[in-house]
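A.B. asks: Whatever this is, show me its structure:
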Amino acid sequence: MIAMDPICINNYCFDRIHLWIQYDWQIPQFIEVVIEVFYPKNRKANGLVMFNHGFLVGNDLFFYPKKVIGAFTGDNPLFAINPSAYYNYSAAIVEQNWAMAFVSAAHSQTVGIPGIDIGGNPRVGQEAYAAASYLIKYGATDFFYREEETSRNRSFFDSTVATSAKFMVSNKVIFAGHSVGGAHAQAAACGFEKLQELGKKNYRVFDPVMFDREFIPAYSERLSKWDPADRADPVGLLQLSPVDQKIPILSPGMKLYREALSTAAMPMLMIVGECDCACLDDSNPPACSDDPKKVTQYTQLAPAKSDSWSVLAKVAKGSHCGYLTLKNDLCSMADKPSECKRCPGVESYKPEGDETALTTELLKRLIAHCSLHGGHAENRDSWLRSECITWLNKESPDGVVKLVPFSDGQFVAYAR
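C.D. replies: Residues are numbered from 1 along each chain as shown. This is a model prediction of the structure:
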């Protein structure tokens, strides 16, 4: 039996998966995660969008009491995060029969309360990569361990679990994220080998093991032992107003990962709003800048005269939260006039509006591009001249929302 009771509407289903991830098989450091996922009812998803959300997780003072109560009620405080409600771009995945997932986690759990994740932590990107790989190999199930070879001689072994729960027919993944999640997605998009290499440099080694720590505990093989076809293969990156942070010891920031992506042969998009103080002023470094001499996330992703595949666009009247499909009070604080002095007197975009629709359409076209090329674009020129970029490189791609032109008159920027 599979612990799965998905909600299915029309041709798509929605489900939640709960598990624990040990970041490296040799180090006793764990993180509890919940994955929300939309997947085709026919269980033949051609790819997966893995989304890192942008809200602070773990700031609930009653997290642990709720955990104790939830052990008896079947509820979990992580279930209350619900990033799928705020980033429900499911309309973008239908045409190409893709799946879309979101991961929430309680960070730096101690004897007190879970720590608040404020961005710049590569661990969050590692979690997204591990969660995507989990969905590819095991599908929509909590009982992954029942089909593990290590469980063959145990009473619960069931070799049919994977067959019943899997919904992916490829391992192609577009990593995406908003705000701090946009920067976290930069790490995930680097792929397994690069995550391991860079993890050693910033003391965040990565060869994860999946655990069911609630009852047994049972566990998977470490990720390096998996068939490469079961590990996520990054084929694209979408960053919505990415916010990075750098705090000694706690959060080293994503600079190393952006530098790695600057040489990656993969479609990459960064979208920012001209009225977005969070990513243009508060982020360290800022997402982008009109000053070509200033170090930004974009200049690290797309150094001048490089062969980087990164493309940047700026939304006129774009805000930090205009991408959202549902208003969130915590996010909305970033767009208050008292907090952000950009665009005085200008009514920037709000959630559930025109910027949301533009985001959905852009993701739809990015998915179509990755699907057209079997997951990988043929070369840099084919990406920069693709229908996706041609559509984006207009004053108003969708006829409603306008973009801010760059100094050369174009509405997209990339390394030249």
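A.B. asks: all contacts plus neighbour counts: C-alpha atoms, from now on.
C.D. replies: Will do.
A.B. asks: Run through the stretch 51-200 of the chain and note the low-pLDDT ranges.
C.D. replies: 55-61, 64, 106-118, 143-163 (pLDDT under 70).
A.B. asks: can you give me the strands for it?
C.D. replies: Counting by DSSP state E, counting those that start in this stretch, the segments of the stretch 51-200 of the chain that form strands are 99-106, 172-178.
A.B. asks: same thing with the stretch 251-400 of the chain?
C.D. replies: 268-273, 310-315.
A.B. asks: Include mean pLDDT, distance to residue 194 and mean neighbour count when you put these into JSON lines, please.
C.D. replies: Listed next are these as JSON lines, based on pLDDT from 0 to 100; distance: least, CA to CA, whole Å; neighbours: other CA atoms under 10 Å:
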{"stretch": "strand 268-273", "mean pLDDT": "98", "distance to residue 194": "17", "mean neighbour count": "24"}
{"stretch": "strand 310-315", "mean pLDDT": "98", "distance to residue 194": "18", "mean neighbour count": "23"}
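A.B. asks: can you tell me which of those comes nearest to residue 177?
C.D. replies: Ranking the strands of the stretch 251-400 of the chain by distance to residue 177, with CA to CA as the measure, places strand 268-273 first at 10.1 Å.
A.B. asks: returning to what we had before: could you dump the strands of the stretch 251-400 of the chain to a markdown table with distance to residue 164?
C.D. replies: A markdown table is the format used below for the strands of the stretch 251-400 of the chain (distance: least, CA to CA, whole Å):
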| stretch | distance to residue 164 |
| --- | --- |
| strand 268-273 | 34 |
| strand 310-315 | 38 |
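A.B. asks: which one of these lies closest to residue 331?
C.D. replies: strand 268-273 (14.5 Å).
A.B. asks: what comes into contact with that closest one?
C.D. replies: Outside of strand 268-273, the residues within contact range by CA atoms under 8 Å, 6 or more residues apart in numbering are 236-242, 279, 287, 298, 309-320.
A.B. asks: Paired strands for that strand, with orientation please.
C.D. replies: As defined by DSSP bridges, the strand partners of strand 268-273 come to strand 233-240 (parallel), strand 310-315 (parallel).
A.B. asks: before we move on, back to that, let me know which of the strands of the stretch 51-200 of the chain is tucked in deepest.
C.D. replies: strand 172-178 (a mean of 29; mean count of other CA atoms under 10 Å).
A.B. asks: Could you list every helix and strand in contact with that strand?
C.D. replies: Contacts defined by 3 or more CA pairs under 8 Å, 6 or more residues apart in numbering; DSSP states H and E place strand 172-178 against strand 48-52, helix 180-188, strand 233-240.
A.B. asks: would a markdown table of those with mean neighbour count and distance to residue 255 be doable?
C.D. replies: Converted to a markdown table, the helices and strands packed on strand 172-178 look like this (neighbours: other CA atoms under 10 Å; distance: least, CA to CA, whole Å):
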| stretch | mean neighbour count | distance to residue 255 |
| --- | --- | --- |
| strand 48-52 | 30 | 18 |
| helix 180-188 | 32 | 9 |
| strand 233-240 | 26 | 15 |
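A.B. asks: Adding distance to residue 165, write the ones you listed out as TSV.
C.D. replies: Supplementary listing: the helices and strands packed on strand 172-178 in TSV, determined by distance: least, CA to CA, whole Å:
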stretch	distance to residue 165
strand 48-52	15
helix 180-188	24
strand 233-240	20
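A.B. asks: and of these, who's closest to residue 329?
C.D. replies: The closest of the helices and strands packed on strand 172-178 to residue 329 is helix 180-188. By CA to CA, the value is 16.3 Å.
A.B. asks: which one's the longest helix in the protein?
C.D. replies: Looking across the chain with DSSP state H, the single longest helix is helix 354-372.
A.B. asks: Packing partners of that one?
C.D. replies: Against helix 354-372 (3+ CA pairs under 8 Å, 6+ apart) you get strand 233-240, helix 387-392.
A.B. asks: do you know how far the nearest residue to residue 233 once chain neighbours are set aside is from residue 383?
C.D. replies: Distance criterion CA to CA, 6 or more residues apart in numbering; nearest residue to residue 233, sequence neighbours excluded, is residue 172 at 5.0 Å. According to CA to CA, to the nearest Å, residue 172 stands 17 Å off from residue 383.
A.B. asks: Name the residues that touch the longest helix of the chain?
C.D. replies: 46, 89, 91-93, 95-96, 174, 235-236, 238, 318, 322-325, 349, 376-377, 386-388, 392, 398, 400-401.
A.B. asks: chain center to it, what's the gap?
C.D. replies: 15 Å (CA atoms, centre = their mean, to the nearest Å).
A.B. asks: nearest to residue 136, of the helices and strands packed on helix 354-372?
C.D. replies: Comparing those against residue 136 with CA to CA, the closest turns out to be strand 233-240 (10.0 Å).
A.B. asks: Give me the contact list for that closest one.
C.D. replies: Against strand 233-240 from outside (CA under 8 Å, 6+ apart): 171-179, 182-183, 185-186, 189-191, 266-272, 323, 363, 366, 370, 375-376.
A.B. asks: So what angle separates the directions of it and strand 172-178?
C.D. replies: With axes from the mean of the first three to the mean of the last three CA atoms, to 10 degrees defining the directions, strand 233-240 sits at 20 degrees from strand 172-178.
A.B. asks: For strand 233-240, what is the distance to the chain centroid?
C.D. replies: For strand 233-240, the distance to the chain centre is 8 Å (CA atoms, centre = their mean).
A.B. asks: would you say residue 36 is within a helix?
C.D. replies: No - per DSSP: H, G, I helix; E, B strand; the rest coil, residue 36 lies outside any helix segment and is strand.
A.B. asks: Was I right to think it contacts residue 84?
C.D. replies: Yes - here residue 36 reaches residue 84: they are 6.8 Å apart, a contact under CA atoms under 8 Å.
A.B. asks: which residues are in contact with both of these two?
C.D. replies: Contacts common to residue 36 and residue 84, judged by CA under 8 Å, 6+ apart, are 101, 102.
A.B. asks: before we move on, back to that, if we compare the strands of the stretch 251-400 of the chain, which one ends up closest to residue 79?
C.D. replies: Per CA to CA, nearest to residue 79 of the strands of the stretch 251-400 of the chain: strand 268-273, 28.6 Å.
A.B. asks: Kindly calculate the angle that that closest one makes with helix 180-188.
C.D. replies: Using the same axes, to 10 degrees: strand 268-273 against helix 180-188 is 170 degrees.
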